[in-house]
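Chemist: what's the 3D shape of this:
(one chain, ligands or ions: 1)
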Amino acid sequence: MPAHTDHPAIKALRDLFEQQRPSATTEQALKGLRDAFLGRKSGHITEQLKRIATFPPEERRDFGAQVNALKAQIEAALDGLHDTLQAGQKPAGAVDVTLASREIPIGRIHPLMRVRQQVEDIFARMGYEILEGPEVEDDFHNFEALNMPPDHPARDMQDTLYLAAPIVGGTWGAHRGRLPKAQVRAATLLRTHTSAMQIRYMKTFPPPIRIIVPGRVYRRDNLDLSHTPMFQQFEGLVVGPHVTLADLKGTFEAMLRELFGDVKVRLRPSFFPYTEPSAEVDITCQACAGAGCGTCKHSGWLEILGSGMVHPAVFEAVGYDPEQVTGFAFGLGIERVAMLKYGVDDIRLFYENDLRFLEQFPL
Ligand SMILES: [Zn+2]
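Modeler: So this is what the prediction gives:
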């Protein structure tokens with residue numbers, strides 16, 4: 001419709017019709033609308049048809065054409081409204097205020113991201129710096145500087161995905177498991193833990209240090225209820241002149257009580273090459289309040305993170321003096337926290353992006 005060439009009177013009339021059209025929700029209202037515009041004596045269109053003769057001859061033809069065009073449009077629209085009413089439907093533009101509104105889908109924060117944000121928030125308030133590191137690492141940062149020289153048996157604890165293995169006929173490709181010692185130092189790999197970033201940070205900055213490093217890590221694991229080849233961790237590192245095991249425990253108690261509510265925290269002796277002493281940290285099982293149930297394998301406790309006091313050999317590898325500083329480090333699995341916090345028993349659900357699963361989490 002060439003509205004830009006319309007005479008102002010025609011445009012005003014078209015607007016008036018569009019404005020009144022939604023009110024024609026009954027046959028009676030429709031008849032009223034038809035009379036108002038097309039009534040023989042005083043309909044708006046009839047009035048305009050009478051005006052044609054008053055225009056100067058050179059404008060008469062154009063104005064007449066516009067009036068007749070609008071008349072045809074209104075007739076067609078009224079006929080359409082009539083058909084709609086006959087069919088028992090609501091005409092376009094009519095609103096039934098008693099109908100429920102259409103649901104507008106609202107996105108949610110992914111449960112893993114929610115846990116990550118919560119942990120970051122807790123540590124940020126304790127004065128920690130939050131940073132990320134590279135996912136592709138070299139052997140030095142992922143293993144050697146963390147007190148795992150090439151022949152160290154602890155390397156077998158983490159089945160590594162090597163990216164560039166110069167030994168495999170000169171080709172580049174994933175290489176399973178350990179490499180012969182001669183090739184190990186030249187290898188690049190997908191980091192098996194965020195601990196690699198401890199080394200990068202300490203090599204760059206002097207103590208004191210208080211950092212957490214969230215990020216993805218990779219291991220050659222098959223998918224099952226509790227394993228994925230890619231998962232997410234928080235690395236934590238605190239280094240200073242007088243950092244003690246009591247600081248470690250106090251930090252975990254503060255963090256874990258904020259994450260899980262009123263839980264007890266205990267340390268259990270463990271082994272990691274890069275900490276001495278090392279401890280697994282457990283919290284009381286929330287499902288049974290510590291009484292023992294299937295979730296906690298009837299122990300009353302759930303393992304939540306690995307930690308320990310930084311091994312002097314790690315400080316030496318980055319040029320710190322182990323006589324001057326002490327520190328603690330920890331690794332916290334984000335999926336592990338989310339599974340315990342939300343009662344999810346299959347880690348794969350977090351990565352399938354099934355809306356039926358994701359929609360169960362609060363906004
Ligand atoms: Zn339990």
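Chemist: Over to F271. Which of the three states is it?
Modeler: Following DSSP: H, G, I helix; E, B strand; the rest coil, we place F271 in the strand state.
Chemist: Which positions in the chain make contact with the ion?
Modeler: Listed as neighbours of the ion in the chain under the rule Cβ under 5 Å from the ion: C285, A287, C288, C293, T295, C296. Yep, even glycine has a C-beta here, placed from its N, CA and C like the rest.
Chemist: residues contacting the closest residue to the last one other than its chain neighbours?
Modeler: To tie it back to what came earlier, the one meant is C296. Here the nearest residue to C296 in space, its sequence neighbours aside, is C285; by Cβ to Cβ, 6 or more residues apart in numbering that works out to 3.6 Å. With contacts defined as Cβ atoms under 8 Å, 6 or more residues apart in numbering, the neighbours of C285 are G292, C293, T295, C296, S299, G300, W301, L302.
Chemist: Need the buried ones from those residues selected in ChimeraX.
Modeler: To isolate the buried ones among the contacts of C285 in ChimeraX, judged by 16 or more other Cβ atoms under 10 Å, type:
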select :296,300,301,302
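Chemist: Filter the contacts of C285 down to the ones in strands?
Modeler: Applying DSSP state E to the contacts of C285, the entries found in strands are W301, L302.
Chemist: Of the contacts of C285, which is the nearest to E280?
Modeler: For the contacts of C285, the residue nearest E280 by Cβ to Cβ is W301; the value is 9.8 Å.
Chemist: Which strand residues bridge the closest one?
Modeler: The residues listed as beta-bridge partners of W301 by DSSP bridges are T284.
Chemist: can I assume it is in contact with T284?
Modeler: Yes: under the criterion of Cβ atoms under 8 Å, W301 lies in contact with T284, with a separation of 6.3 Å.
Chemist: okay, and the common contacts of the two?
Modeler: With contacts taken as Cβ under 8 Å, 6+ apart, the residues that reach both W301 and T284 are G290.
Chemist: I'd like the secondary structure assignment at the closest residue to the ion within the stretch 1-150 of the chain, please.
Modeler: Nearest to the ion in the stretch 1-150 of the chain, going by Cβ to the ion, is V115, at a distance of 20.4 Å. The three-state label given to V115 by three-state DSSP is helix.
Chemist: Can you name the residues that contact it?
Modeler: Each residue near V115 by Cβ under 8 Å, 6+ apart is listed here: L259, I334, V337, A338, K341.
Chemist: quick one, strands of the protein?
Modeler: Under the criterion DSSP E, strands of the chain are mapped to 129-130, 136-138, 161-164, 175-176, 188-190, 209-218, 230-240, 265-272, 275-284, 301-310, 326-333.
Chemist: mean pLDDT for those: which is lowest?
Modeler: Looking over the strands of the chain, mean pLDDT reaches its minimum on strand 175-176, with a mean of 48.
Chemist: so what does the lengthiest helix in the chain touch, helix or strand wise?
Modeler: The helix of greatest length in the chain, counted in residues with DSSP state H as the criterion, is given as helix 57-86. In this structure, helix 57-86 makes packing contacts with helix 8-20, helix 27-38, helix 44-51, judged by 3 or more Cβ pairs under 8 Å, 6 or more residues apart in numbering; DSSP states H and E.
Chemist: Appreciated, that's everything.
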